[in-house]
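Chemist: Quick one, structure for this:
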Amino acid sequence: MLGIALVDIYAKCGVLSKSKQVFEELPIRNIGSWSALMSGYAQQGQGHEALKCQQQMQNEGFFPDEVTFVCFLSACGHSGLLNTAQMLFGNMVEKYGVTPNLEHHTCMVGILSRTGHLDKAMAMIKRMPDPPDHVTWHTVLYASRNLGNIECGKQIFDHVRR
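Modeler: Numbers count the residues shown, from 1 in each chain. Below you'll find the model as predicted:
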């Protein structure tokens, strides 16, 4: 547990080289240690490194769970890897038996929004099994503002106001 905490702390502080070093020195790796490392790469905008970890993790016999999928999708979002995110999201249920939750959907809404696909983001919100939370709405609203899409921003405001 201490090793995972160190991997996580170094990653959150942006000292990824130290995080990776501690990770590599762990006597036993588990899904938690992999998630901590991948989350750090995602937070620092190194999506490609996080996805390399995904491959290594699976090569060592670990398969993604709900938490690791959040890491993957977050990494894709911070790196603008829309196609990869869509593939991973599609594989969650089909390949790994992981049902997407609100956080997974919010990650996808964020990726779609930031890559300029506001219409697809809004369509995903409408199909979400759980009602979107304020984080989901804020994500699309922020992207609408950045993209200069006033109409989408008005739709979100009207919906949230109700």
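Chemist: Check what pLDDT Leu37 gets.
Modeler: With respect to pLDDT, Leu37 scores 93.
Chemist: ditto for Gly47
Modeler: pLDDT at Gly47 comes out at 86.
Chemist: And for Ser79?
Modeler: 86.
Chemist: hang on, it packs against Gln44?
Modeler: No: under the criterion of Cβ atoms under 8 Å, Ser79 lies out of contact with Gln44, with a separation of 10.2 Å. Using the backbone N, CA and C atoms, a C-beta is placed for each residue, glycine as well.
Chemist: Need the overlap of contacts for these two.
Modeler: By Cβ atoms under 8 Å, 6 or more residues apart in numbering, Ser79 and Gln44 have no common neighbours.
Chemist: Show me the domain layout of the chain.
Modeler: If you go by automatic domain parsing, the domain ranges for the chain are 1-100, 101-162.
Chemist: Just send these back as JSON lines, with mean neighbour count too.
Modeler: Putting those into JSON lines (neighbours: other Cβ atoms under 10 Å) gives the following:
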{"stretch": "domain 1-100", "mean neighbour count": "18"}
{"stretch": "domain 101-162", "mean neighbour count": "17"}
